[in-house]
Structures are given as structure tokens and as C-alpha cells.
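*Asks:* 3D model of this:
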Amino acid sequence: MSFTAEAIINARDVSIFQDNKTVLGEVNFTIKKGEFVFLVGRTGSGKSSLLRTLYGDLPLRLGNLEVAGFDMAKIKAKEIPLLRRKLGIIFQDFQLFQDRTVSENLEFVLRATGWRDKSKMKARMADVLMKVGLGSVNNKMPHQLSGGEQQRVVIARALLNEPLILLADEPTGNLDPEVSEGILELFKKINNSGTSVLMATHDFSLLAKNPFRVLKCEQGRLLDEAPAGYSA
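*Replies:* Sure, this is the predicted structure:
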């Protein structure tokens with residue numbers, strides 16, 4: 001999909017910290033509306049810390065960073081939920097409530113982000129589940145689903161508030177290759193509808209088959225590579 005000049009994320013001279021250690025320095029990149037970007041790097045290279053800074057879980061200490069219209073250097077604690085309504089955050093370990101049904105997991109997010117109308121909530125939950133190919137799992141518990149199905153529920157949850165961008169931290173890390181490819185195809189479908197995607201991954205086979213732009217964490221820096229220039 002061709003993307004517009006509208007920036008969802010704009011980072012200039014940013015340093016990313018974990019505790020008191022700088023894990024990435026001189027970070028400069030922009031992600032525009034409708035763009036799909038891979039984030040790669042070895043374990044401990046700063047991928048997760050970068051994502052956590054983008055969604056306000058780690059404070060920005062140095063540099064200029066704007067995410068979905070929020071200045072991360074000035075954002076207040078009470079504004080973090082407002083930021084996250086514009087983001088879809090997807091984790092490798094699912095983070096579903098194991099004692100609640102799929103519908104109850106989704107409803108929790110809707111209520112936490114200000115939804116109150118039951119009929120609108122029901123319609124929205126049905127819509128996102130259909131989008132991820134899970135039209136009949138509403139009343140199932142997470143443990144009754146396969147790993148791939150659970151990850152699709154997580155993606156559905158991330159889509160509830162129509163985010164500007166999906167931030168996905170190793171979303172295929174616990175899945176077998178065939179299921180991983182299905183999840184990536186789902187991300188591509190979501191991206192084709194206009195939602196930007198920043199996906200951290202260790203799976204270089206996905207990169208080889210999908211020549212998207214790559215941000216690479218390496219030796220304390222973030223390298224911005226064009227698709228043709230990437231080599232595992």
C-alpha cells in the first residue's frame with residue numbers, strides 16, 4: 001500500500017533507556033500512515049525497550065519523540081491511556097485473562113477505554129473477531145484455543161479502538177512457521193486497510209518473503225534500511 005506523508009511516529013535524536021543504561025542512542029526514524037515496518041535485532045538489542053518507550057511504558061529521557069500526536073517528552077501520566085487508545089499493542093505472550101471468555105477479554109478493554117453502550121460494544125467485538133477470522137469463539141476460554149487463535153484474539157483486542165498503528169512485539173515468537181505466516185498475512189491485510197504496523201521479529205524467513213522497510217537495532221544504534229538493502 002502506498003502511504004501518505006502523515007507521520008504516526010517521529011523520533012529525532014532519541015536515546016532509549018532501560019533502568020539507567022542506554023540501550024539505543026541517536027535514534028532517528030519516522031513511520032508514516034499506512035506504512036509496514038519490521039523491527040529486528042538480537043535479544044537485548046533494545047527492540048522491546050524502544051516499543052515500550054513508544055507506548056509510554058518507559059519514560060522518554062532524551063530527544064524528541066512524537067507518537068500519534070503526543071509529545072512523549074511532555075506527556076503526563078493521565079494522558080497515557082489516551083495515547084494507548086490510538087495504538088494497538090500486541091505481545092508475544094498474549095496477556096489474555098485466562099479466567100474470562102474471549103468476549104469478556106475484549107469487553108474489558110472497551111470498558112477501560114470509555115465504551116458504555118452494550119449494543120455498540122457487542123457489534124464492535126463481533127466486527128474485530130470477524131476481521132481476524134474468528135467468528136465463533138466468543139464464549140470460549142483462552143485455554144480452549146490454539147496458540148494461533150489466541151494470537152488472533154490479541155490482534156482483535158488491539159483493533160478495538162481503530163488504532164493508527166499496531167506495535168507488535170515478537171507476535172509470532174511462540175508459533176510454528178505455518179501459523180506465523182498466517183499471522184503475518186493478517187497483519188498485511190490490516191495494513192492494507194490503512195493501519196500502520198511496526199512489528200518486532202526474530203523470524204528472518206518472514207523478512208525474506210516480505211520486502212518491507214527494516215529498522216535494525218545493532219550495537220546501540222537503530223539502522224534504517226531499505227528493503228533491498230537488508231541481509232540477515
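*Asks:* So which bits of the lowest-mean-pLDDT helix or strand in the chain are buried?
*Replies:* Lowest by mean pLDDT, DSSP states H and E among the helices and strands of the chain is helix 204-209, with a mean of 83. By neighbour count with 16 or more other CB atoms under 10 Å, helix 204-209 contains the buried residues L206, L207. All C-beta atoms are positioned from the backbone trio N, CA, C, and that covers glycine.
*Asks:* For that helix, name the packing helices and strands.
*Replies:* strand 36-41, helix 177-192 (3 or more CB pairs under 8 Å, 6 or more residues apart in numbering; DSSP states H and E).
*Asks:* From what I see, S103 and N138 are in contact.
*Replies:* Yes - here S103 reaches N138: they are 4.5 Å apart, a contact under CB atoms under 8 Å.
*Asks:* Give the residues shared as contacts by these two.
*Replies:* M125 (CB atoms under 8 Å, 6 or more residues apart in numbering).
*Asks:* how many neighbours does R52 have?
*Replies:* For R52, the neighbour count with other CB atoms under 10 Å is 17.
*Asks:* That one: what secondary structure?
*Replies:* Under DSSP: H, G, I helix; E, B strand; the rest coil, R52 falls in the helix class.
*Asks:* Need the pLDDT of the residue lying closest to it once chain neighbours are set aside.
*Replies:* Nearest residue to R52 in three dimensions, chain neighbours excluded: L58, at 4.4 Å (CB to CB, 6 or more residues apart in numbering). Note on L58: pLDDT of 94.
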